[in-house]
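Asker: Would you be able to build a 3D model of this:
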Amino acid sequence: MKRKNNSSKTTWIIAASAGAAVVAVTMIAAYRSTVKDLVPTSLPEPSSVLEQTFSFPAPSASDVPVQNTVSDVPINGDADSEPTESGAVQANKPIVADVGNIMPVEGEISHEFSNGELVKSETLGVWKTHDGCDILCDIGTDVKSMSEGVVKEIKDDPLWGVYVLVEQNNGLDVQYCGLAKELNVKAGQAVKQGEILGKTSDTNQCEILQPPHLHLGVKQGGNWIDPLSVVKRSEE
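Answerer: Numbers count the residues shown, from 1 in each chain. Okay, here's the model as predicted:
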């Protein structure tokens, strides 16, 4: 009875081993079939891939972006380069051309054009720019037009007093400050060089503590410039 049970167990082990072998063979066959489908049958030689070259057409002139289209700005971006003659006139830069202006009054310059620098006002006690020059002269001195032009404005200003603004034919705007209220001209009137506009007075309240003088202001292109830079003084 005992010998029969050992024989049955042996038979079961052999049958199980055979079944496992069949499963293993089947899995190996399936794996090989799958790998065969996934891997290409032929690959290019490594040398053929490395030897491939690529060429691109050179860009034409029309394809290159323009670096700078603004006039008077250096293409290479050099900030030290000088602008061309067609560029805008710099602020406070004297006129180069001979404009033929004359002095409106003769006298010593007590306060010069500050060219944007702050100077202390003797009357107001504050630091401010002096956008003109002060020419010493007695009250009642005739003030002459520096050049021919048109009287653009006449105003009695609370600080600068009575002033006459002449738009000259040479491109300058000239302001004569601290005049008497009795003037020889009116707004819109054409004036000649040397024509008397009025007389100096004490109406210039923002400089009233200074000796009697004419405050002369000159603008070029909307910017204040040194009045003495555009006139030829008699002592020169």
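
Asker: Could you list the low-pLDDT ranges of this structure?
Answerer: By pLDDT under 70, the low-scoring segments of the chain are 1-99, 233-236.

Asker: how about the strands in it?
Answerer: With DSSP state E as the criterion, the chain has strands at 109-111, 118-120, 127-129, 133-136, 142-144, 149-157, 161-168, 172-179, 190-191, 196-199, 213-220, 223-225.

Asker: right, so of these, which gets closest to residue 231?
Answerer: Residue 231 sits nearest to strand 213-220 of all the strands of the chain, at 8.9 Å, using C-beta to C-beta. No exception for glycine: its C-beta is placed from N, CA and C like everyone else's.

Asker: CSV for the strands of the chain, including mean neighbour count?
Answerer: Formatted as CSV, the strands of the chain follow (neighbours: other C-beta atoms under 10 Å):
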stretch, mean neighbour count
strand 109-111, 16
strand 118-120, 11
strand 127-129, 12
strand 133-136, 21
strand 142-144, 19
strand 149-157, 16
strand 161-168, 21
strand 172-179, 24
strand 190-191, 16
strand 196-199, 19
strand 213-220, 23
strand 223-225, 20
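
Asker: Now render these as a markdown table, adding distance to residue 205.
Answerer: Output for the strands of the chain, formatted as a markdown table (distance: least, C-beta to C-beta, whole Å):
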| stretch | distance to residue 205 |
| --- | --- |
| strand 109-111 | 16 |
| strand 118-120 | 17 |
| strand 127-129 | 14 |
| strand 133-136 | 14 |
| strand 142-144 | 18 |
| strand 149-157 | 9 |
| strand 161-168 | 6 |
| strand 172-179 | 9 |
| strand 190-191 | 26 |
| strand 196-199 | 17 |
| strand 213-220 | 11 |
| strand 223-225 | 20 |
